[in-house]
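Visitor: I would like to see how this sequence folds:
(2 chains)
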Amino acid sequence: MAKKERIKYLFVGPGIIWVLIFTIFPLLYSLRLSFFHARLGRTQRFIWLENFGRAFADYRFWSVLEVTIFFVVCNVVLTVLLGLVLALLVSRPLRKPLRGQRVIRSLLAMPLFTAPIALGYLGLTIFHEEVGAVNTVLRALGMLNLPAWFSDPWLARLAISLVDIWQWTPFCFLVILAGLQSLPDTIYESAVLDTSSGWQMFRYITLPLLGPVLFTVTILRMVETLKILDIPFSMTSGGPGMATQTYSYYIYLTGLRNFNTGYASSLAYLLLAIMLPITFFFFRRLRQIYD
Amino acid sequence: MAAEKKRNFGTMVIWIVIIIAICWAFFPFYWAIITSFKPPGVILTKPSLIPFLQFKPTLFNWRTEYLARGREITAALINSVIISVGATLVAVSLGTIAGYGLARFRFHRWKNKDMTLWFLSQRFLPPMVTAIPFFILMKTFHLLDTRWALIMVNATFTMPFAVLIMRDAFKELPVELEESAWVDGASRFDAFLRIALPLAAPAIAVSAALCFAFSWNEFIFALILTYKKAQPVTVIIAGVEHTQGIQFWFVATRLLSAILPPAILVLTVQRYIVRGLTFGAVKG
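Guide: This is a model prediction of the structure:
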């Protein structure tokens, strides 16, 4: 018995050690760095919490935080809403599933697996002010003052948001659809007998039952959007000015362009601190599911 | 009759919405594809959307990219393939055995669910927290600009998907098959290898597809950890914009080369995708 049981550590051991080396060790290393005045290749000096104090006095810190929060709020709300509407349209309780549903699902999943960095460059050509696709269409529709996507701060943010929303709406759609289809038909049957209207059915039956699924997509999208970097990197390089420079982008510039590794690590830890409560709620839910 | 009509009308509305959604999902791809077939001169002078009618498609850009300038893109594609396959092998092997361990054994001091969250933790960290340590680590071990560095990094990032998908897959396999093998004297490892593993093949394929796609698409670590020899496709797309403004035509050929492999691969798998991407929080 004892011998047979011991083998279980051989199964999980390698993975656990891998995580220890490649996740926990770097995490602790950067925690240490965040308390130092450190630049690559120079001697380090322990400075307690000075890096964190510096962040709060750094106008760039507040600017990138604001930009990132804008993307989180705008993109998460819109992707989840669009995904929900699409999923509700396609799911059709009590009726035969739509013909070709599997094909539709696969086709709509394609944006999900395209490299965000490539999408940024694609966005650059789509929103190009003279010969981009968007302005070509707008011109054909007779618009005279074509939007200058990359020189106006809000338009630049909007363009990035649109690309990100384009990429992630399918994810929300697929997950919410899976959630809808796992709801038992019986609840709808009784509702139909009660002659509830479509809206009532959605408001009082579907929505509450869908709660956990919506919670999951929202949290996952929030966590991923808080890390957003690739699309602004390739599409606007953070510009105009710092209008689209996101938090991760700023950490990258500080730590790996200017090699101010100590300050960059403390910035990274501040981001982690923002993500921690969100992750906490999600992990609490996962613990219940994993039982 | 009226109800029937209403139903048909409803179906029509649904199809219209679906078609709009599919067009919306495909428009950027369409734009990239037509741009890649436009003659360079036309791109910056005459904006256009419809091939043949508005411009004459040409293979010029593709030929220049793959034949004239060939070495850069083929080297990058080879790097991408080696890195993604290597990372997938590591992530899926470790993920499969860990998933089996979590599904079939009970751990007491450190509970199964907490161990599963340990594997997930990576996905919830901002990558920039680990980027600087990774850079210093790879520099110390002289692994900068090697494929090894990116294999390790991507294996770390994608392992959570593999662990979660495999854990769920093994949980769904009836344990009786393995039990009868144990009775016949097979060791637990034998039973895992000979019985559980082949039955879990579809889930392994899905894990592999996901790990491959995410490794292929990873950009920021590739940018930080490589500068020449080991650059994957995601990094070399960045090389096209500098000298003379954006060169639309090469942006198009390169980003299509970068986008298509994972997108097509993932088209082939359906099951477990939602479950894998939500870490088991949503079944489907």
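Visitor: Just checking the distance from stretch A:123-133 to the centre of its chain.
Guide: 24 Å (Cα atoms, centre = their mean, to the nearest Å).
Visitor: Ok, stretch B:194-214 next?
Guide: Remark: stretch B:194-214 is offset 14 Å from the chain centroid, using Cα atoms, centre = their mean.
Visitor: what does stretch B:46-65 give?
Guide: Chain-centre distance of stretch B:46-65: 29 Å, with Cα atoms, centre = their mean.
Visitor: residues of that stretch that come out buried?
Guide: For stretch B:46-65, the neighbour count (16 or more other Cβ atoms under 10 Å in any protein chain shown) marks B:47-48, B:55, B:60-62, B:65 as buried. The C-beta positions use only the backbone N, C-alpha and C, and glycine is treated the same way.
Visitor: List the residues that contact the closest residue to chain B within the stretch 151-291 of chain A.
Guide: Closest residue of the stretch 151-291 of chain A to chain B, Cβ to the nearest Cβ: A:Ala178 (2.6 Å). Contact partners of A:Ala178, counting by Cβ atoms under 8 Å, 6 or more residues apart in numbering or on different chains, are A:213, B:274-275, B:282-284.
Visitor: From B:Leu137, how far off is it?
Guide: According to Cβ to Cβ, to the nearest Å, A:Ala178 and B:Leu137 sit 39 Å apart.
Visitor: and what of A:Ala264?
Guide: 15 Å.
Visitor: Check A:Ile104 too.
Guide: 44 Å.
Visitor: still on that earlier bit, show the overlap between the buried residues of stretch B:46-65 and what lies near chain A.
Guide: By Cβ under 8 Å from any Cβ of the partner chain, the members of the buried residues of stretch B:46-65 lying near chain A are B:47-48.
Visitor: Just the ones in helices from the buried residues of stretch B:46-65, please.
Guide: Counting by DSSP state H, the part of the buried residues of stretch B:46-65 found in helices is B:60-62.
Visitor: ok, then the element right after the worst-scoring helix or strand of chain A on mean pLDDT?
Guide: The weakest-scoring helix or strand in chain A, judged by mean pLDDT, DSSP states H and E, is helix A:185-193 (a mean of 70). Following helix A:185-193 in sequence order, the next helix or strand is helix A:198-201 (DSSP states H and E).
Visitor: Flag every buried residue along the helix or strand that that following helix is followed by.
Guide: On the C-terminal side of helix A:198-201, the closest following helix or strand by DSSP H and E is helix A:207-226. Buried positions in helix A:207-226, judged by neighbour count with 16+ other Cβ under 10 Å: A:210, A:213-214, A:216-226.
Visitor: is it possible to export the residues you listed to CSV including pLDDT and distance to B:Val233?
Guide: CSV is the format used below for the buried residues of helix A:207-226 (pLDDT from 0 to 100; distance: Cβ to Cβ, whole Å):
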residue, pLDDT, distance to B:Val233
A:Leu210, 87, 38
A:Val213, 90, 34
A:Leu214, 92, 35
A:Thr216, 89, 32
A:Val217, 92, 29
A:Thr218, 93, 32
A:Ile219, 92, 31
A:Leu220, 92, 26
A:Arg221, 93, 26
A:Met222, 93, 29
A:Val223, 92, 26
A:Glu224, 91, 22
A:Thr225, 93, 24
A:Leu226, 93, 26
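Visitor: who's in contact with B:Glu176?
Guide: Residues near B:Glu176 by Cβ under 8 Å, 6+ apart: none.
Visitor: Centre of the chain to the lengthiest helix in chain A, how far?
Guide: Secondary structure of chain A per DSSP H: the longest helix is helix A:59-91. Computed by Cα atoms, centre = their mean, the chain-centroid distance of helix A:59-91 equals 8 Å.
Visitor: ends of stretch B:43-61, how far apart?
Guide: Using Cα to Cα, to the nearest Å, one end of stretch B:43-61 lies 12 Å from the other.
Visitor: can you give me the mean pLDDT across that stretch?
Guide: Averaged across stretch B:43-61, pLDDT comes to 74.
Visitor: Over to stretch B:92-103?
Guide: 93.
Visitor: Check what contacts stretch A:232-244 and list those residues.
Guide: Contacts of stretch A:232-244 (Cβ under 8 Å, 6+ apart): A:60, A:63-64, A:67, A:117-121, A:123-124, A:127, A:150-154, A:156-157, A:159-160, A:163, A:245-246, A:249, A:252, B:219-220, B:237-238.
Visitor: What of stretch A:37-47?
Guide: A:33, A:35-36, A:50-51, A:259-262, A:265, B:136.
Visitor: How about it, which residues are buried there?
Guide: By neighbour count on 16+ other Cβ under 10 Å, the buried set for stretch A:37-47 is A:37-38.
Visitor: now do the same end-to-end measure for it.
Guide: End to end - Cα to Cα - stretch A:37-47 spans 6 Å.
Visitor: For it, give the mean pLDDT please.
Guide: Stretch A:37-47 carries an average pLDDT of 80.
Visitor: what's the distance between that stretch and the middle of its chain?
Guide: 33 Å.
Visitor: do the same with stretch A:57-70
Guide: On the basis of Cα atoms, centre = their mean, stretch A:57-70 sits 18 Å off its chain's mean C-alpha point.
Visitor: Not counting its own residues, what contacts it?
Guide: The contact list for stretch A:57-70 (Cβ under 8 Å, 6+ apart) reads A:55, A:157, A:225-226, A:228, A:242-250, A:267, A:270.
Visitor: Could you pull out the helices in the stretch 1-150 of chain B for me?
Guide: Taking DSSP state H, counting those that start in this stretch to define them, one finds helices in the stretch 1-150 of chain B at B:2-36, B:40-45, B:60-63, B:71-104, B:112-120, B:127-140, B:147-172.
Visitor: taking those helices together, which one is wrapped up most tightly?
Guide: Comparing the helices of the stretch 1-150 of chain B by mean neighbour count (mean count of other Cβ atoms under 10 Å in any protein chain shown), helix B:147-172 comes out on top with a mean of 25.
Visitor: Kindly format the C-alpha coordinates of the helix or strand just after that helix as PDB.
Guide: Where DSSP H and E defines the elements, the next helix or strand beyond helix B:147-172 is helix B:176-183. As requested, the backbone C-alpha atoms of helix B:176-183 are provided in PDB (Å, rounded to 0.1, in the frame of the first residue of the first chain):
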ATOM      1  CA  GLU B 176     -12.400   0.300 -13.500                       C
ATOM      2  CA  LEU B 177     -10.400  -0.400 -16.600                       C
ATOM      3  CA  GLU B 178      -7.200   0.500 -14.700                       C
ATOM      4  CA  GLU B 179      -8.300  -1.400 -11.700                       C
ATOM      5  CA  SER B 180      -8.700  -4.600 -13.600                       C
ATOM      6  CA  ALA B 181      -5.200  -4.100 -14.900                       C
ATOM      7  CA  TRP B 182      -3.900  -3.600 -11.300                       C
ATOM      8  CA  VAL B 183      -5.500  -6.900 -10.400                       C
END
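Visitor: close to chain A, is the next helix or strand after helix B:176-183?
Guide: Next helix or strand after helix B:176-183 toward the C-terminus (DSSP H and E): helix B:188-191. Yes: with Cβ under 8 Å from any Cβ as the criterion, chain A is reached by helix B:188-191 at B:188-189.
Visitor: The next helix or strand after helix B:188-191 and chain A in contact?
Guide: Stepping forward along the backbone from helix B:188-191, the first helix or strand reached (DSSP H and E) is helix B:197-199. No: contact of helix B:197-199 with chain A is not found when judged by Cβ under 8 Å from any Cβ; the minimum separation is 12.2 Å.
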